[in-house]
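Novice: please find the sequence and the predicted model below.
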Amino acid sequence: MVTGGTGFVGGHSVARLLREGYRTRVTVREPGQEAGVLAALRGAEVDPADRLEFAVAHLDADGGWAEAMDGVSHVLHHASPFPSAPPVTEDEVILPARDGALRVISAAREAGVRRVVMTSSYAAVGYTLKPDNHYSEADWTDPDTEGLPAYHKSKVLAERAAWDYARTHGDIELTVVNPTGIFGPQLGNRPSGSVGLVRGMLTGQMPVVPVMYFGVVDVRDVVDLHLRAMVHPKAAGERFIAVSGSSISFFGMAQILREHFPAAAGLLPSAELTVEQVREAAKTEPALRDAAALRGRIPVISNEKARSTLGWEPRDVSETIVATAESQLRQGLTLPEGDSVPS
């Protein structure tokens with residue numbers, strides 16, 4: 001079963017599961033949202049035949065989860081609130097993330113599900129700064145870190161709550177995947193925040209970017225890691241960071257786009273704010289608080305555990321950024337000199 005099937009990772013997960021022959025149930029928050037999943041499957045050129053079904057269940061309510069879990073062997077729990085703007089109160093994000101995770105894992109345990117693979121985030125790992133800037137699965141973001149955005153705090157508290165539940169009830173296996181910034185091809189009609197970032201660069205909406213370095217991972221590799229974690233015996237009780245390789249900056253991302261899509265050169269970011277400029281701007285612009293919190297540091301994020309334990313081999317960062325842009329061209333984005341998707 002897949003929660004959050006209407007989302008970026010969820011859509012790719014459903015497509016991959018169906019492609020590999022799994023019977024798949026997808027939860028949606030309300031009737032009618034099935035169309036988003038089906039649109040993603042058309043984008044992936046996957047025919048679900050009779051192997052796809054839907055269930056209605058909401059992270060904020062108990063109803064529907066028992067029925068959704070009936071007959072399920074494994075759960076990929078992707079669903080979690082991702083606000084497009086800073087919430088009025090932190091609880092608007094924290095409560096559905098934390099309580100929703102507990103509803104999912106509790107219902108899974110009661111239904112006899114063997115393992116839940118939960119999508120957390122690098123936000124739960126590396127947003128409390130360390131002197132050496134090196135981060136692995138052993139690290140945790142302190143939810144009381146000054147200036148930590150509500151979304152990041154929600155990922156920490158939701159993951160902590162899930163681990164506490166799994167340890168208290170030893171008859172349910174939990175594995176957690178902590179992706180860094182997720183990019184890659186858009187399947188449906190609704191771009192994710194990261195895909196929208198690349199689109200914004202290509203359309204001249206971001207002439208200046210903040211100095212900020214972060215990990216990147218391809219959505220297809222995130223799904224691959226989830227599926228490996230779903231079935232590998234050594235994945236039970238473990239968390240795995242999903243990152244392609246070295247951290248990159250917004251400006252570095254623009255350089256990749258400039259190299260591969262020269263027609264967009266005049267639209268791409270041409271300047272980078274300094275650390276001090278970001279810090280000042282973040283006082284009045286909530287969207288910059290994430291960058292301000294990282295203070296221009298370059299995190300060294302390890303993917304060794306996923307590679308050595310599960311045999312995971314992620315794509316190169318450049319390949320992922322290019323694939324993200326190419327998907328926008330397929331979605332109808334036109335560049336000044338008519339760059340098209342390579343054949």
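Specialist: Yes, it's here.
Novice: check which helices and strands whichever strand in the chain runs longest is in contact with.
Specialist: Looking across the chain with DSSP state E, the single longest strand is strand 173-179. The contact analysis (3 or more C-beta pairs under 8 Å, 6 or more residues apart in numbering; DSSP states H and E) places strand 173-179 against strand 115-119, helix 150-168, helix 219-231, strand 239-242. Glycine gets a C-beta too; all of them are placed from N, C-alpha and C.
Novice: show me how far it is from its chain's centre.
Specialist: 12 Å (C-alpha atoms, centre = their mean, to the nearest Å).
Novice: and what of stretch 85-94?
Specialist: 18 Å.
Novice: restricting to C-alpha, output that stretch in CSV.
Specialist: What follows is stretch 85-94 as a C-alpha-only set of coordinates in CSV (Å, rounded to 0.1, in the frame of the first residue of the first chain):
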residue,chain,number,x,y,z
ALA,A,85,3.9,28.9,2.7
PRO,A,86,4.9,29.1,6.4
PRO,A,87,1.9,28.0,8.5
VAL,A,88,0.2,30.3,11.0
THR,A,89,1.1,27.8,13.8
GLU,A,90,3.6,25.0,13.8
ASP,A,91,0.9,22.5,14.9
GLU,A,92,-0.8,22.9,11.5
VAL,A,93,2.2,20.9,10.1
ILE,A,94,3.5,19.0,13.1
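Novice: residues in contact with it?
Specialist: 81, 83, 149, 150, 151, 153, 154, 157, 158, 286, 289 (C-beta atoms under 8 Å, 6 or more residues apart in numbering).
Novice: just stretch 3-11 next, same as before
Specialist: With C-beta under 8 Å, 6+ apart, stretch 3-11 has contacts from 2, 13-14, 26-28, 33, 36-37, 40-41, 43-44, 57, 75-80, 104, 119, 179, 182, 186-188, 192, 194-195, 219, 222-223, 226.
Novice: repeat that for stretch 197-206.
Specialist: Contacts of stretch 197-206 (C-beta under 8 Å, 6+ apart): 183, 191, 250, 253-254, 257, 261, 264, 266-269, 321, 324-325, 328, 333, 335.
Novice: neighbours around residue 331, how many?
Specialist: 15 (other C-beta atoms under 10 Å).
Novice: go on, residue 238?
Specialist: Using other C-beta under 10 Å, residue 238 has 18 neighbouring residues.
Novice: residue 256 and residue 320 touch, don't they?
Specialist: No: the pair residue 256 / residue 320 is not scored as a contact, 9.4 Å apart, by C-beta atoms under 8 Å.
Novice: which residues sit in contact with the closest residue in space to residue 166 that isn't next to it in sequence?
Specialist: Of all residues not flanking residue 166 in the chain, residue 174 sits nearest, at 3.9 Å (C-beta to C-beta, 6 or more residues apart in numbering). Residue 174 is in contact with 105, 115, 116, 118, 162, 163, 165, 166, 236, 237, counting by C-beta under 8 Å, 6+ apart.
Novice: OK, contacts around the last one?
Specialist: Applying C-beta under 8 Å, 6+ apart to residue 237 gives the contacts 166, 173, 174, 175.
Novice: setting aside sequence neighbours, what's the nearest residue to residue 19?
Specialist: Per C-beta to C-beta, 6+ apart, closest to residue 19 is residue 46, 5.6 Å.
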